[in-house]
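Undergrad: okay, here's the prediction I keep looking at, along with the sequence it came from:
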Amino acid sequence: MNATSPSADMATSPSSRVRKSGWKDVALANGSVVSIALFFIAVCVVFSLITGSFLTTPNLLNIVRQSAPLLIVAAAMTFVITTGGIDLSVGSVLALAATLSAVLLQAGLPWPLVVLAMLALGAAIGALQGFFIAYERIPAFIVTLAGLSVIRGVALLITGGYSIPVEPTSFFVSIGRAWFLGVPVPALLALAVLIVAYLAFNQTPFGRYVTGIGANTEAVRRAGVDTRFMTLFVYILSGMAAASAGIILAARLGSGSSNSGQGFELDVIAAVVLGGTSLFGGRGTIVGTVLGALTVAVIGNGLILAHMSPFLTPIVTGTIILIAIWLNFRLFKGAVRSR
């Protein structure tokens, strides 16, 4: 009896410990996602109690449609920030793509060529900035801050500060206004991008390289990976995503404006960091980014429905985001360390 009981205990206790602590391990490993999910639910509950129109189907579809550009760019920004970088130029790239889309359509260029041209423009801008960051070793903050100013200036120079209308009969506007099976087309485009981003980030070597570069660039380089090209490539993705957002916005509004996307880069970065991606690199999550972007969109929408002053809205939004991120770091980062 005594001889067999220790072995029986050894045979059963490890599995029982796994069963007992499994859910805790999952919660701790995904603490940032859990926290933003709970915060997102809390925000939705608060606004549903404050305003009776928040949970209506038209309003929810409106939130999804308006947040499509944010979701697309935030997905790409997740890759950038996970490498330890940042892209402050996405709002300006959005404005330039929206402006040039309207200009080229007025010039008579077919809309498919306009879309391809804008994506190529976004990729070129991302490649140029990525070259200075990856190969010339200039900090991403400096390069993209310069890009923010220069690219916005080009958009202003093209338009002279005025909006350029898009012909309402052009099929181009369907990109931002059409519906398919009761769902806005921009939301479907965002969903497609998010699925690809999730698979690339979690199921491919590229996603592992991105995380590795943010955690320990030298180790990844010694493993035979061209870390400089990988870094450049994430900025190409960011530029293309921002251009896509500009196309969608111009199509939805029916015009291209150099003033589009003012402060957009801050919303994108807030969504990514709020979702649990580390600003220091080495940790990222597409699921958390989606929840973070939706949280930012819901806060903006809910404050408008609550008839708050437009001058008070950015103050409340920024405060809520700061508190949420602070709680995220305090509660869940400490929990992971204690484990």
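TA: Great, that's in hand.
Undergrad: going by residue numbers, what spans are helices in the stretch 201-339 of the chain?
TA: In the stretch 201-339 of the chain, helices defined by DSSP state H, counting those that start in this stretch lie at 205-222, 227-253, 264-274, 286-305, 313-327, 334-338, listed in chain order.
Undergrad: counting contacts, what elements does the fourth one pack onto?
TA: Pointing back at helix 286-305 there. On a contact count with 3 or more C-beta pairs under 8 Å, 6 or more residues apart in numbering; DSSP states H and E, helix 286-305 meets helix 31-50, helix 57-66, helix 68-82, helix 185-203, helix 264-274, helix 313-327. Quick note: C-beta positions are derived from backbone N, CA and C, even for glycine.
Undergrad: so which of those helices gets nearest residue 245?
TA: helix 68-82 (3.4 Å; C-beta to C-beta).
Undergrad: let me know the angle separating the closest one from helix 205-222.
TA: If you take axes from the mean of the first three to the mean of the last three C-alpha atoms, to 10 degrees, helix 68-82 sits at 20 degrees to helix 205-222.
Undergrad: immediately after helix 68-82, which helix or strand?
TA: Tracing the chain past helix 68-82, the next element assigned as helix or strand by DSSP states H and E is helix 90-106.
Undergrad: give the other helices and strands that that next one contacts.
TA: Counting by 3+ C-beta pairs under 8 Å, 6+ apart, helix 90-106 packs on helix 68-82, helix 111-134, helix 140-159, strand 164-165, helix 227-253, strand 255-256, helix 264-274.
Undergrad: residue 172 belongs to a helix?
TA: Yes - assessed with DSSP: H, G, I helix; E, B strand; the rest coil, residue 172 lies in a helix.
Undergrad: neighbours around it, how many?
TA: 24 (other C-beta atoms under 10 Å).
Undergrad: can you check residue 203 too?
TA: Neighbours of residue 203 (other C-beta under 10 Å): 10.
Undergrad: same question, residue 260
TA: Other residues near residue 260 number 25, with proximity taken as other C-beta under 10 Å.
Undergrad: quick one: it and residue 125, what's the gap?
TA: Going from residue 260 to residue 125 by C-beta to C-beta, to the nearest Å gives 16 Å.
Undergrad: residue 259 now?
TA: As judged by C-beta to C-beta, residue 259 and residue 125 stand 19 Å apart.
Undergrad: which one's more surrounded, these two?
TA: Comparing residue 259 with residue 125 by neighbour count (other C-beta under 10 Å), the higher total belongs to residue 125, at 26 against 15.
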